[in-house]
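# Here is a sequence together with a model predicted from it:
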Amino acid sequence: MSHPVLILVTGPPCSGKTVLASRLATELGLPLAGKDAIKESLFDTLGWNDRDWSRRLGHASVELLLLFAEGLLRAGQPVVVDCNFRKDIEGPRLHKLSHQYSAHLVEVHCHAEESVLVERFRARARSGERHPGHGEDLQLPEFAASLQAGVWDTLGIASDPLEVDTTSFEQVDFRGITSAVTLALSSTNKIANAKT
């Protein structure tokens, strides 16, 4: 039996994680677990209120996301996970999870120039397309401070994280990223087969 692969698409909000994770999952035929999809489902079920409530549902969303990913890893299945994980909080938990199920970690870390991310965040908040429960119109100072503090940097738990600069989406090599992740999947299966 091959070792499962945990594909983490990480980085700050507005860095293109969801687009990239969705494309990877589709092209590789893998299940996708995304924090925002879970959080918005919770908003629709439980309602939304202030920023504190949004934070609480955000924490609950991460817990559900990790629970879903663990279930797939336990079954020996690979999974693509889309989330703005924090290195100091979720990093150690993901590291422990990967060891528990002998999973191979692949981190695809999205990033962009700070000014570009701030402008994207501002535009998204004003667009009216974002679920209102997020309350992003109130979060811009908090977002900018978190960027400067580096809270969404690479997790530091994958041996060779793949850095993707999304400052210009037109220049992102989606095919190359998919190929790199496919190679990781293939290499893991070969190693597992050699041990059996």
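Perfect, I can see it now. As the structure is a computational prediction, the values presented were derived from the model and not from experiment. Residues are numbered from 1 along each chain as shown.
# So, low pLDDT: which residues of this structure?
Applying pLDDT under 70 to the chain flags the ranges 1-2, 137-138, 187-196.
# residues in contact with the top helix by length along it?
Secondary structure of the chain per DSSP state H: the longest helix is helix 51-74. Here helix 51-74 makes contact (CB atoms under 8 Å, 6 or more residues apart in numbering) with 4, 6, 31, 33-36, 38-39, 42-43, 46, 48, 78-79, 81, 83, 85, 90, 93-94, 97-98, 100-101, 103, 133-135, 138-139. In short, each C-beta sits where N, CA and C put it, glycine included.
# Okay, and which of those map to helices?
Filtering these for helices - DSSP H - leaves 35-36, 38-39, 42-43, 46, 90, 93-94, 97-98, 100.
# Highest neighbour count among those residues?
L94 (25 neighbours; other CB atoms under 10 Å).
# who touches that residue in this structure?
L6, L8, L66, F85, L105, L155, I157.
# Report the separation between it and S179.
24 Å (CB to CB, to the nearest Å).
# can you check L32 too?
19 Å.
# Give me the more crowded residue out of these two.
L32 (19 against 12).
# who's that one bridged to?
V80 (DSSP bridges).
# From what I see, it and V80 are in contact.
Yes - using CB atoms under 8 Å as the test, L32 is close enough to V80 to be in contact (4.8 Å).
# Which neighbours do these two have in common?
Joint contacts of L32 and V80 (CB under 8 Å, 6+ apart) are A21, A25.
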